[in-house]
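A.B. asks: let's see this in three dimensions:
(chains A and B, ligands or ions: 2)
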Amino acid sequence: MLQASGVSKSFDGRAVLSGINLDLGPGEIVAVVGRSGCGKSTLLRLLAGLEQVSGGCITLAGQRLAGLNPATRLMFQDACLLPWRTVLQNVVLAAPWPDSIKTAREALSRVGLLDRAQDWPAALSGGQRQRVALARALASNAPLILLDEPLGALDALTRLEMQSLIEELWLEKQFGGLLITHDVEEAVALADRVLVMENGRFTLDLSVRMPRPRLRGESEFVTLKERLLTHLLGY
Amino acid sequence: MKLSRYLIVRLVPWIVPLLLLAGWQWAVTSGPTPAAVIKAGWRLTRSHELPIHLWESFKRAMIGLAIGGGLGLSLGFINGLSAWANRFFDSSIQMLRNVPHLALIPLVITWFGIGEQGKEFLILLGVLFPLYINTLHGIRSIDPKLIEMGRVYGLGRWRLFRQIVWPGALPSILVGLRYALGIMWLTLIVAETIASDNGIGFMITNARDFLQLDVVVLGILLYAILGKLADVFARLLERRLLRWNPAYRHA
Ligand SMILES: Nc1ncnc2c1ncn2[C@@H]1O[C@H](COP(=O)(O)OP(=O)(O)O)[C@@H](O)[C@H]1O
Ligand SMILES: [Mg+2]
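C.D. replies: Ligands and ions are numbered 1, 2, ... in the order given. Prediction:
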């Protein structure tokens, strides 16, 4: 559905991405792991249409992407909620007209925050704010979701809860998506495919075919995780 | 218990003014006492002079504020949202800003005479710049990630403005408004004192010529009260419009 072929990107003549090929379809979750600064966020911004490619091309359903990508919704490490709008209004903003309020309330109730609908974002904890951001992504009707280290700023327990919530929603709504993370375990737990990025190119492509929900102690899980870590650390 | 505490908190700020007033009444040997000032106020209210002067002053303050504030806001938004407009206008505006607007009084009197427009024009000039600068600053201070997020979720230009730019710039705009209100009164006083045939400033000048010191003091007190009211109004506006911001909730 969303395809990148031979994509490269440079800023002021400095290459950040080169020769990236990627195919995101509905219902498939692809994780990208890699060291900080290797170009993961840049790839996500290209896919969302927030930046333009320097070479190669990105196509959406066969059409070359120009401008913002209407098929994607985003979630960043920072929830990016409007502080001057209530929780509900923040979600309504992304929901399609004319049922936006109904859709927004459903999305909020799905992430368990319907009772905070009338609060200001400032009154929520970091984890709750991320759940509102997730509800906002749910409420919009784009079929692909792009997540840029969405749980990076949360404490370990909240992160585990959010991971299972995201997984449930993914299975339930059948979206496809790209998950950028620096947490190898998170990638193995959530993704159907894990790509390792180093210096702006993919250097490893692993399929994860374990049944869900995945238990972190299982031997297959541990083996995959070790393999990714070994690759990343360059042993 | 709670109620009495509330009352005490409310009453404390009034202690100093009341003591001053009592001291003033008691200490005066020449010039008007507070009682004389109140009496003058009552006399001028009954003769309808005071309400008319008050209304004239209020009217010109509001007209100047509306036009100057509107211009400052619009220019701020235009320059904040378009890099080209900013390149085109900003340095000229900054240059004009550095001319003290009260220095233009002789020129303004030559242009407009002592009619309404001259005074409104001076107030307009006075309030334009604080609103311009603070609107521009408010727009600059909006987190670009929020705008980006809005675009990703498909907000068009108008909704980006309504949902993100306007509320994001509002705290700074309200700071500009409070500043502008201060300048507005100052300009009004000066303009009315120098060239006018009605308004509080005229009332004061006129009373001085007839040595009615009680009316002079009354006029000065009225300016103080009006200034205070404007400030209270701006605060209420802040509290109402910036409810989302924890810093203003209990202010
Ligand atoms: N807008 C930009 N202008 C210049 N350099 C950029 C820009 N965005 C990203 N970069 C550079 O691209 C490289 C990759 O950044 P990024 O994609 O954010 O990495 P990651 O998300 O993997 O940590 C970094 O060296 C960064 O400095
Ligand atoms: Mg990044």
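A.B. asks: now do the same contact list for the spatially closest residue to B:Gly227 that is not a sequence neighbour.
C.D. replies: Nearest residue to B:Gly227 in three dimensions, chain neighbours excluded: B:Trp185, at 5.0 Å (CB to CB, 6 or more residues apart in numbering or on different chains). No exception for glycine: its C-beta is placed from N, CA and C like everyone else's. By CB atoms under 8 Å, 6 or more residues apart in numbering or on different chains, the residues touching B:Trp185 are B:61, B:223, B:226-227, B:230.
A.B. asks: what about the longest helix in the chain?
C.D. replies: Unless you meant another one, I'm taking chain A. Secondary structure of chain A per DSSP state H: the longest helix is helix A:156-173.
A.B. asks: that's the wrong chain, I meant chain B
C.D. replies: Under DSSP H, chain B gives helix B:49-81 as its longest helix.
A.B. asks: now the element after that helix, going C-ward?
C.D. replies: helix B:83-97 (DSSP states H and E).
A.B. asks: who's in contact with the next helix or strand after that next one?
C.D. replies: Proceeding N to C from helix B:83-97, the next assigned helix or strand is helix B:105-112, under DSSP H and E. Identification of contacts with helix B:105-112 by CB under 8 Å, 6+ apart yields B:118, B:121-122, B:190-191, B:194-195.
A.B. asks: buried set for the one helix or strand B:Ile189 maps to?
C.D. replies: Following DSSP H and E, one finds B:Ile189 within helix B:166-194. Of all the residues in helix B:166-194, those buried under the rule 16 or more other CB atoms under 10 Å in any protein chain shown are B:166-185, B:187-194.
A.B. asks: is the residue nearest to the spatial centre of chain A in a helix, a strand, or coil?
C.D. replies: What sits nearest the mean C-alpha location of chain A, by CA atoms, centre = their mean, is A:Leu147, with 1.7 Å. Counting by DSSP: H, G, I helix; E, B strand; the rest coil, the backbone at A:Leu147 sits in strand.
A.B. asks: which strand residues bridge it?
C.D. replies: In this structure, A:Leu147 bridges to A:Met75, A:Leu179 when assessed by DSSP bridges.
A.B. asks: show the pLDDT at it.
C.D. replies: With respect to pLDDT, A:Leu147 has a value of 94.
A.B. asks: for the contacts of B:Trp185, give me JSON lines that also has secondary structure.
C.D. replies: Output for the contacts of B:Trp185, formatted as JSON lines (three-state DSSP):
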{"residue": "B:Ala61", "secondary structure": "helix"}
{"residue": "B:Tyr223", "secondary structure": "helix"}
{"residue": "B:Leu226", "secondary structure": "helix"}
{"residue": "B:Gly227", "secondary structure": "helix"}
{"residue": "B:Ala230", "secondary structure": "helix"}
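A.B. asks: how big is the angle separating the host helix or strand of A:Arg136 from helix A:156-173?
C.D. replies: Taking DSSP H and E as the definition, one finds A:Arg136 inside helix A:126-139. Calculated by axes from the mean of the first three to the mean of the last three CA atoms, to 10 degrees, helix A:126-139 forms an angle of 10 degrees with helix A:156-173.
A.B. asks: so is helix A:126-139 next to chain B?
C.D. replies: Yes. Using CB under 8 Å from any CB of the partner chain, helix A:126-139 comes into contact with chain B via A:Arg136.
A.B. asks: which other helices and strands contact that helix?
C.D. replies: strand A:72-75, helix A:87-92, helix A:100-110, helix A:156-173 (3 or more CB pairs under 8 Å, 6 or more residues apart in numbering or on different chains; DSSP states H and E).
A.B. asks: Serialize the ones you listed to JSON lines and add fields for mean neighbour count, mean pLDDT and distance to B:Leu242.
C.D. replies: Shown next, in JSON lines, are those (neighbours: other CB atoms under 10 Å in any protein chain shown; pLDDT from 0 to 100; distance: least, CB to CB, whole Å):
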{"stretch": "strand A:72-75", "mean neighbour count": "26", "mean pLDDT": "90", "distance to B:Leu242": "27"}
{"stretch": "helix A:87-92", "mean neighbour count": "25", "mean pLDDT": "96", "distance to B:Leu242": "16"}
{"stretch": "helix A:100-110", "mean neighbour count": "19", "mean pLDDT": "94", "distance to B:Leu242": "24"}
{"stretch": "helix A:156-173", "mean neighbour count": "15", "mean pLDDT": "88", "distance to B:Leu242": "29"}
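A.B. asks: out of the ones you listed, which gets nearest to B:Gln25?
C.D. replies: In terms of CB to CB, the element of the helices and strands packed on helix A:126-139 nearest to B:Gln25 is helix A:87-92, at 54.8 Å.
A.B. asks: as CSV, could you dump the C-alpha coordinates of that closest one?
C.D. replies: C-alpha atoms of helix A:87-92 as CSV (Å, rounded to 0.1, in the frame of the first residue of the first chain):
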residue,chain,number,x,y,z
VAL,A,87,-8.9,15.9,26.1
LEU,A,88,-12.0,15.3,24.1
GLN,A,89,-11.5,18.3,21.8
ASN,A,90,-8.0,17.1,21.1
VAL,A,91,-9.3,13.8,19.8
VAL,A,92,-12.3,15.3,18.0
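A.B. asks: and it, how far out from the chain's middle?
C.D. replies: In terms of CA atoms, centre = their mean, to the nearest Å, the centre of helix A:87-92 is found 20 Å from the chain centre.
A.B. asks: what does stretch B:172-187 give?
C.D. replies: Remark: stretch B:172-187 is offset 4 Å from the chain centroid, using CA atoms, centre = their mean.
A.B. asks: equivalent analysis for stretch B:157-170, please.
C.D. replies: 25 Å.
A.B. asks: so for stretch B:71-88, mean pLDDT?
C.D. replies: If you average the pLDDT values across stretch B:71-88, you get 92.
A.B. asks: sorry, that was for stretch B:149-161
C.D. replies: Averaged over stretch B:149-161, pLDDT sits at 92.
A.B. asks: ok, and does it reach over to chain A?
C.D. replies: Yes. Residues of stretch B:149-161 are located near chain A by CB under 8 Å from any CB, namely B:149-155.
A.B. asks: sketch out the low-pLDDT regions of chain A for me.
C.D. replies: A:235 (pLDDT under 70).
A.B. asks: and it, what are its domains?
C.D. replies: Chain A breaks down into these domains under automatic domain parsing: A:23-71+A:143-229, A:81-142.
A.B. asks: take those domains and lay them out in a markdown table including distance to B:Ser30.
C.D. replies: What follows is these, written out as a markdown table (distance: least, CB to CB, whole Å):
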| stretch | distance to B:Ser30 |
| --- | --- |
| domain A:23-71+A:143-229 | 70 |
| domain A:81-142 | 56 |
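A.B. asks: looking at those, which one is packed in the most?
C.D. replies: The highest mean neighbour count among these belongs to domain A:81-142 (a mean of 20), with neighbours defined as mean count of other CB atoms under 10 Å in any protein chain shown.
A.B. asks: buried residues of stretch B:46-56, list them for me.
C.D. replies: B:50, B:53-54, B:56.
A.B. asks: could those go into a markdown table alongside pLDDT and distance to B:Arg140?
C.D. replies: A markdown table is the format used below for these (pLDDT from 0 to 100; distance: CB to CB, whole Å):
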| residue | pLDDT | distance to B:Arg140 |
| --- | --- | --- |
| B:Leu50 | 91 | 45 |
| B:His53 | 91 | 42 |
| B:Leu54 | 92 | 39 |
| B:Glu56 | 91 | 39 |
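A.B. asks: widest-spaced pair of those?
C.D. replies: For those, the farthest-apart pair by CB to CB is B:Leu50 and B:Glu56; their separation is 10.9 Å.
A.B. asks: any residues in contact with both of these two?
C.D. replies: Counting by CB under 8 Å, 6+ apart, nothing touches both B:Leu50 and B:Glu56.
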